[in-house]
Structure formats: structure tokens, C-alpha cells
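A.B. asks: whatever this is, show me its structure:
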Amino acid sequence: MNSKMILPLIAYLIFVFGVAFYAYRKRQGGSFISEYYIGGRSMSGFVLAMTTAATYVGASSFIGGPGAAYKYGLGWVLLAMIQVPAVLLSLGALGKKFALLARKHNSVTINDMLLARYQNKFVVWIAGLALLLSFFAMMTVQFIGAGRLLETTLSIPYQTAVMIFAVTVGLYTFIGGFRAVVLTDTIQGLVMMVGTIILLGGVIYAAGGVENAMNTLEAINPQLTTPHGIDERPLDLTFMASFWVLVCFGLVGLPHIAVRSMAYKDSQALHKAMIIGTIVIAILMFGMHLSGVLGRAVVPDLKVPDQVIPTLMVQVLPPVVAGIFLAAPMAAIMSSIDSMLIQSSSTLIKDLYLAIKPNAINNEKKIKLFSTITTLTFTVFLMFAALNPPDMLIWLNLLSLGGLEATFLWVIVLGLYWEKANASGAICSMLSGLACYVVMTIFKISVLGFHAIVPSLIVGFIAFMVGNNFSKKCH
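C.D. replies: Below is the predicted model of the structure:
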């Protein structure tokens, strides 16, 4: 283990715990539920931009995405840039309407919003179950990414790396709650940007310049430098369209990103966040994926593509610098996992437990205890789920993203913008969209070459219309 690398990382983690403790002290004066789950609705524009971007950019973008670019070539960089409008689209589509409704109904979770809009507990129960299942898969991806990162850079066993990460993220999330999450996301977003730029510069230098790197890639496989990618995974029209739906348009339906629209301070903060967040996403997506491709000219024979970024950090940066910027991908992973842990805890405690025992809300000590136990229990289960990882994270992450989008997209969008949307339409859409996605994924069913998310969203939309009209006719 390289002490020059690990000491800066330890210092960074101590700093993160300091922020969590500050957030813990800060929330003592307010309502536990409002503070722990949405930070008292106090986010500024810069903080909102950084936390939304950092929440979206996780292990898939810092480990899995560059790993795919390493394997499939420059075309994957172009594909990754589809994600640039993600913050602009999600905050723009939900922003003001979501915030107004949340304040009107005093909502602190996505399921609070669904209950207030549709006035039906079945909608909340279906949403809660789908959210927990999909989040578990997405959080497992983050744990695997952290394990790969620490294993490669610090030369420690993968299982030990996963346990170190689990202890760190579990503790600081339950100590600080949502306020700690968004504050650390802001710091982590800055670390990610600086780390990305420095790593890309180091990779280009190690490869002998961009032109030399391209020549090396051409020698390995001429298809690596074409927009269409390699024969194993050609980037054709159907794949590009599917990817756009999955990682850009569909993000409006991601609950852990949507909940950010409840927690900002004012309209000015929202407008700033949309601009800043888009710039941040553009830098991170371009820098990390290009590093992955050019990294193949530096380390051409990796057996596990997901190890490309941690391997490059060790090879192209001085140990102390690598240690400092080891915090960048760690920051990306932590900023995604903490948001999902908070969302999962809020689903179990606020949406499900308090729905069964509404009087328990008056017992704040009990709610605090249950929230803590829930967060730590999730962390333990995730640690065990991550112990046997696949070679490429990107497919597992896209799988779980699609499950959330198939369930939530139309329920959120139509609920906000269509006054006639009702609970029957919402339930039909959630059940049919998720069922279609699961069946198509399990049995590897393809419709005209599109990813399962495209037909699943079409089925979910049609089911919403049919269910909505059927309910109106019955009344």
C-alpha cells in the first residue's frame, strides 16, 4: 500500500466527516424529518447545481463509462455527451411546479408528492417497492465501483475495499442526513471537475500527445477511432436513440434527482443551477470518457475495463497527486450512494412506516432511531451484494436506471402537467411499464433493436391513457 496515496485520501474522508458533523449540529434546531430528508429547503443555485450533477455522476460515469469507452472506442465519448442536458432537462421540467406543490402539501419525499397528487395509497406502495428494488441495484453498482477503485489504486483486496467504503459512506450519511449529502456533493463536484481535468492532461502526456494516442489506437483496432464503434457493440441509430431515452430524457423520472426540485431556496437558485449543472456535466462526461479511450494507448491490455481509471491514476500521476485526486472518483461514487441511501430510508420510514402508523410522527426519538437503523442496514446488505462483481458496471447501472424510469416517468410528468391524470392511470402505467421492462430484460426480448426502456415507456404511456379513461367512464 502506497502511503503517499492513502494519506491524502484519509485527510479527505476526515474532512467529509467534519461536514457531516456540521450538518448534524445544524439540523438540531428544526424538524428531524424536514431537515434529515430535504435539508430544510435551503439550497442555493450553486449547491443545487453541484448536488444534482454529483448525484447523477456516479460509479457508472467515473468507472463504468470510461471502462466502456476503453473497450468500445471514441464513439462512446460521443454517446456519453448525450447526457450533457441531463440537469437542464430534469430541473427545467420539474423545477418550479415540483417546488410549489411540495411546499403546498409540505412534501419531503417523492412519494409524498405522489400521494398529494393522486390521493391513492396504492400509488405510494407500488412506487415505494419499485424504488427500493431499483435503488438496491443502483447502490450495488456504486459499491462495486468503489471497491474496484480502492482495490486497484491502494493494492488492497477487493472485499476489504468494499468494507472500507461501506463503513465510510454509511456513517457519514446517517450522521448528517440530506444537508450533509448536498454540502459534501458540492465539495465533491468541485473535486470531480479538477480531478477530471488533471487526469485527462496526465493521460494525454503519458500517451505522447493526442496524435500519438490516436495512432496507437488505430494500431490496436482501427474501429476504436470511428464514431460507430467496434463490431462487438456498434453504435447504430437504435442504440443511440435508446441511450438518449435512458440517460437523458428518462432522467426526469429518477426520484433521487427529482427530490432536489423540492429543496432549493428560490427561483433564482433554480435558474443558476440549470446553467452551472449543465457545464459541470459537460466537463465530467467529456473528460472522463476521453480519458478512458486514450487510456487504452497507455495501458492496452487490461482484462477488466472498469479498472482503467484507477490504473491510469496510479500510472500517469505522481503518488501524492494521485492520492489527492483519488478523491475525485470516490467523490462521484459517494455523492450518488448517499443520495440513494437517504431516499431509500425516507421511502421505508416516511412513506411506508408512517403510512401504517401515522401517530409515530410525534415520537421523534423513535423516527431518528429507525432512520439510523434503516440506513445502516441498507449499507450492510449492499456490502454483501457487492462482493461478487461483474466485469463491466455500465450494463448493471443502465438496467436499474431503466427500472426506475419505466415506473416513475409518466406518473411524475403527467401528474405535474395534466390535470385530468388520475390514480387509475398512474397505477396502470407503473405496473405495466415496470412489468414490461422486467420481462423484456429477463428474456432478452428486443423490439426493432431498441433497448427495453423504449417499448416499456411506450407501454407505460398507453397504459396510463387507458387506465385514466377507464376510471373516468366508471365514474
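
A.B. asks: OK, contacts around residue 52?
C.D. replies: Residue 52 is in contact with 87, 90, 91, 257, 260, 273, 277, counting by C-beta atoms under 8 Å, 6 or more residues apart in numbering. All C-beta spots, glycine's among them, are computed from the backbone N, C-alpha and C.

A.B. asks: confirm that the second one sits in a strand.
C.D. replies: In this case it means residue 90. No: counting by DSSP: H, G, I helix; E, B strand; the rest coil, residue 90 is not part of a strand but helix.

A.B. asks: tell me how far it lies from residue 63.
C.D. replies: Taking C-beta to C-beta, to the nearest Å as the measure, residue 90 falls 22 Å from residue 63.

A.B. asks: between those two, which has more neighbouring residues?
C.D. replies: Set side by side, residue 90 and residue 63 show more neighbours around residue 63, with 33 against 26, by other C-beta atoms under 10 Å.

A.B. asks: excluding chain neighbours, what is closest to that one?
C.D. replies: Spatial nearest neighbour of residue 63, chain neighbours left out: residue 145 (4.1 Å); criterion: C-beta to C-beta, 6 or more residues apart in numbering.

A.B. asks: so that neighbour sits right up against residue 333, yeah?
C.D. replies: Yes: using C-beta atoms under 8 Å, residue 145 is in contact with residue 333, at 5.1 Å.

A.B. asks: more neighbours: the two, which one.
C.D. replies: The neighbour comparison of residue 145 against residue 333 (other C-beta under 10 Å) goes to residue 145, with 32 against 29.

A.B. asks: I'd like the mean pLDDT over the strand or helix carrying that one, please.
C.D. replies: Residue 145 is part of helix 121-154, with elements assigned from DSSP states H and E. Per-region confidence: helix 121-154 scores 85 on mean pLDDT.

A.B. asks: can you point out the buried residues in it?
C.D. replies: Neighbour-count burial for helix 121-154, with 16 or more other C-beta atoms under 10 Å as criterion, is recorded at 123-124, 126-128, 130-131, 133-154.

A.B. asks: and for stretch 358-376?
C.D. replies: 361, 367, 368, 370, 371, 372, 374, 375, 376.

A.B. asks: got the contact list for the fourth one?
C.D. replies: Translated: residue 370. 349, 353.

A.B. asks: distance of the residue nearest the centre of the chain from residue 160?
C.D. replies: By C-alpha atoms, centre = their mean, the mean C-alpha position of the chain lies nearest to residue 56, the distance being 3.8 Å. The gap separating residue 56 from residue 160 is 29 Å, by C-beta to C-beta.

A.B. asks: quick one: residues in contact with stretch 88-104.
C.D. replies: In contact with stretch 88-104 (C-beta under 8 Å, 6+ apart) are residues 41, 48, 52, 107-108, 112-113, 116-117, 248-249, 251-252, 254, 257-258, 260-262, 264, 267, 270, 273-274, 277-278, 412-413, 416-417.

A.B. asks: looking at those, which are in helices?
C.D. replies: Applying DSSP state H to the contacts of stretch 88-104, the entries found in helices are 48, 52, 112-113, 116-117, 257-258, 267, 270, 273-274, 277-278, 412-413, 416-417.

A.B. asks: need the buried ones from the residues you listed selected in PyMOL.
C.D. replies: Buried residues among the ones in helices among the contacts of stretch 88-104 (16+ other C-beta under 10 Å), as a PyMOL selection:
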select buried, resi 48+52+112+113+117+257+258+270+273+274+277+278+412+413+416
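
A.B. asks: show the average pLDDT along stretch 385-399.
C.D. replies: For stretch 385-399, mean pLDDT is 77.

A.B. asks: start to end distance for it?
C.D. replies: Terminal residues of stretch 385-399 lie 16 Å apart, using C-alpha to C-alpha, to the nearest Å.

A.B. asks: how about that stretch: buried residues?
C.D. replies: Using 16+ other C-beta under 10 Å as the test for burial, stretch 385-399 gives 385, 386, 389, 392, 393, 394, 396, 397, 398, 399.

A.B. asks: inside strands: which ones of the residues you listed?
C.D. replies: With DSSP state E as the criterion, strands contain none of those.

A.B. asks: from these, which land in helices?
C.D. replies: Cross-referencing those against helices under DSSP H gives 385, 393, 394, 396, 397, 398, 399.

A.B. asks: so who does the residue lying closest to the second one once chain neighbours are set aside touch?
C.D. replies: I take that to be residue 393. What sits nearest to residue 393 in space, not counting adjacent residues and going by C-beta to C-beta, 6+ apart, is residue 64, at 3.5 Å. Contacts for residue 64 (C-beta under 8 Å, 6+ apart) come out as 141, 145, 306, 392, 393, 394, 397.

A.B. asks: least trustworthy helix or strand in the chain by mean pLDDT?
C.D. replies: Least confident element among the helices and strands of the chain, by mean pLDDT, DSSP states H and E: helix 32-38 (a mean of 49).

A.B. asks: what stretches of the stretch 351-475 of the chain score poorly on pLDDT?
C.D. replies: In the predicted model of the stretch 351-475 of the chain, residues 355, 360-362, 364, 391-392, 472-475 satisfy pLDDT under 70.

A.B. asks: can you give me the helices for it?
C.D. replies: Assigned helices in the stretch 351-475 of the chain, in chain order: 354-356, 364-385, 393-417, 423-442, 453-474 (criterion: DSSP state H, counting those that start in this stretch).

A.B. asks: now for those, which one comes closest to residue 230?
C.D. replies: helix 393-417 (15.0 Å; C-beta to C-beta).

A.B. asks: that closest one to helix 453-474, inter-axis angle?
C.D. replies: Compare the direction of helix 393-417 with that of helix 453-474 by axes from the mean of the first three to the mean of the last three C-alpha atoms, to 10 degrees and you get 30 degrees.

A.B. asks: who does helix 393-417 touch, helix- and strand-wise?
C.D. replies: helix 65-72, helix 86-105, helix 110-118, helix 121-154, helix 237-247, helix 255-258, helix 423-442, helix 453-474 (3 or more C-beta pairs under 8 Å, 6 or more residues apart in numbering; DSSP states H and E).

A.B. asks: now render those helices as TSV, adding distance to residue 15.
C.D. replies: Below are the helices and strands packed on helix 393-417 laid out as TSV (distance: least, C-beta to C-beta, whole Å):
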stretch	distance to residue 15
helix 65-72	26
helix 86-105	25
helix 110-118	30
helix 121-154	17
helix 237-247	31
helix 255-258	24
helix 423-442	40
helix 453-474	38
